[in-house]
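*Asks:* A structural model of the following input is requested.
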Amino acid sequence: MFRLSHHRVRGPADVKNETDFLIHVSKLGVPVATPIPTIGCALFLQVHAPEGRREGVLFQAVDGREPHAGDVGDAHANGRTLALLHNAADTYIPNAPLYKLDLEHLLYRPLARIRSSGVIEDPSVLDELEQIAERTGAAIKLSANLSWTYCHGDCHGFNSKITEAGEAVFFDFDDGGPGYLAYDLAVFLWAQVSFGRETTRAWTSFLDGYRLIRPITSDDFEAALRFVVVRHVWLMGEHASRVDEWGSNNVRWISRGLGFVRAWESEYLMGRLS
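*Replies:* Numbering: from 1, shown residues only. A predicted model of the protein is given here:
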């Protein structure tokens, strides 16, 4: 599978750390789609396209089937592989990473992109979204014991293939980097509860699979609930930054994104991490 990196407002793809990390974790037995080196042993290429330089990586194709939405067995397998990944990340040292999955990267810069895009026209909606984001960020900062790791960054359950043995093999690490472990957990939870989905049994099974390999601290678990808001704002910001490419009609959902974060905060977060 050959992948050309996107042009994104946040900057160039960090393919050097991505590919180095994949080689590192694969050597430790983590099931991932590994990059295939060139004849000259490079793990990626720089392609000169009409729109500018893009990075290309050739990955091993992953055998297996697509995960099923809400399937507890598939969720369990994803949790187990993410825990294996985090264990392997304990011995990985990124080489001058381009991005850190911190609150600036995941929350505050995406908020700025939402505002500058003009997709949300009602100032009161923007103000309330920013207020929720500020409360969320402040609450996360209150916990001084959050774990830091090298994150997959997009472990929503479908960036994997399920083998005949029931193992989840991960791919699509281009949103990864050093960051909050709680965020990596939260992405899966967010995928179970956003856009009208209610598959919390899969979240429980995901946690069970993860904890078979690696414990989750109480601080990380509580923060993961907060990071659901962060993930939603991050996605809104990513899509808002592509209005010129996709057109405003294709990102119209952003104007309704406040409803989800408002409901999540009021129903699940009031009184937590405070």
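
*Asks:* and the closest residue to Pro110 other than its chain neighbours, which helix or strand is it part of?
*Replies:* In space, Pro110 comes closest to Gly237 once its chain neighbours are excluded; the distance is 2.3 Å by CB to CB, 6 or more residues apart in numbering. Bear in mind the C-beta positions are built from the backbone N, C-alpha and C, glycine included. Assessed by DSSP states H and E, Gly237 sits inside helix 218-240.

*Asks:* just the buried positions in that helix, please.
*Replies:* 219-220, 222-240 (16 or more other CB atoms under 10 Å).

*Asks:* and it, how far out from the chain's middle?
*Replies:* Between the mean C-alpha location of helix 218-240 and the chain-wide mean there is a distance of 9 Å, by CA atoms, centre = their mean, to the nearest Å.

*Asks:* next SSE downstream of the helix or strand of the chain with the lowest mean pLDDT?
*Replies:* Here the helix or strand of the chain ranked lowest by mean pLDDT, DSSP states H and E is helix 243-246, holding a mean of 87. Past helix 243-246, heading to the C-terminal end, the next element that is a helix or strand (DSSP H and E) is helix 257-264.

*Asks:* residues making contact with stretch 239-249?
*Replies:* By CB atoms under 8 Å, 6 or more residues apart in numbering, the residues outside stretch 239-249 that reach it are 8-10, 110, 113-114, 116-119, 251, 253-254.

*Asks:* er, stretch 80-99 actually
*Replies:* Contact with stretch 80-99 is made by 10-12, 14, 16-17, 20-21, 24-25, 28-32, 105, 149-150, 152, 155, 160, 167-170, 177-178, 181, 184-185, 188, 209-214, as judged by CB under 8 Å, 6+ apart.

*Asks:* now Cys177: phi and psi?
*Replies:* That one is not Cys; residue 177 is Gly. When quoted as degrees, to the nearest 10, the phi and psi of Gly177 stand at phi 150, psi 180.

*Asks:* then Phe59?
*Replies:* Here is the backbone geometry of Phe59 (degrees, to the nearest 10): phi -110, psi 150.

*Asks:* if it is in a bridge, with which residues?
*Replies:* When bridges are assigned using DSSP bridges, the partners listed for Phe59 are Pro35.

*Asks:* quick one: it and Leu4 touch, right?
*Replies:* No: distance between Phe59 and Leu4: 12.0 Å, which falls outside the contact criterion (CB atoms under 8 Å).

*Asks:* out of the two, which sits in the more crowded spot?
*Replies:* Using other CB atoms under 10 Å as the criterion, Phe59 and Leu4 rank with Phe59 on top: 18 against 13.

*Asks:* list the residues that contact that one.
*Replies:* Met1, Phe2, Arg3, Ala33, Thr34, Pro35, Ile36, Phe171.

*Asks:* now restrict the residues you listed to buried residues only.
*Replies:* For these, a neighbour count by 16+ other CB under 10 Å gives the buried set as Arg3, Ala33, Thr34, Pro35, Phe171.
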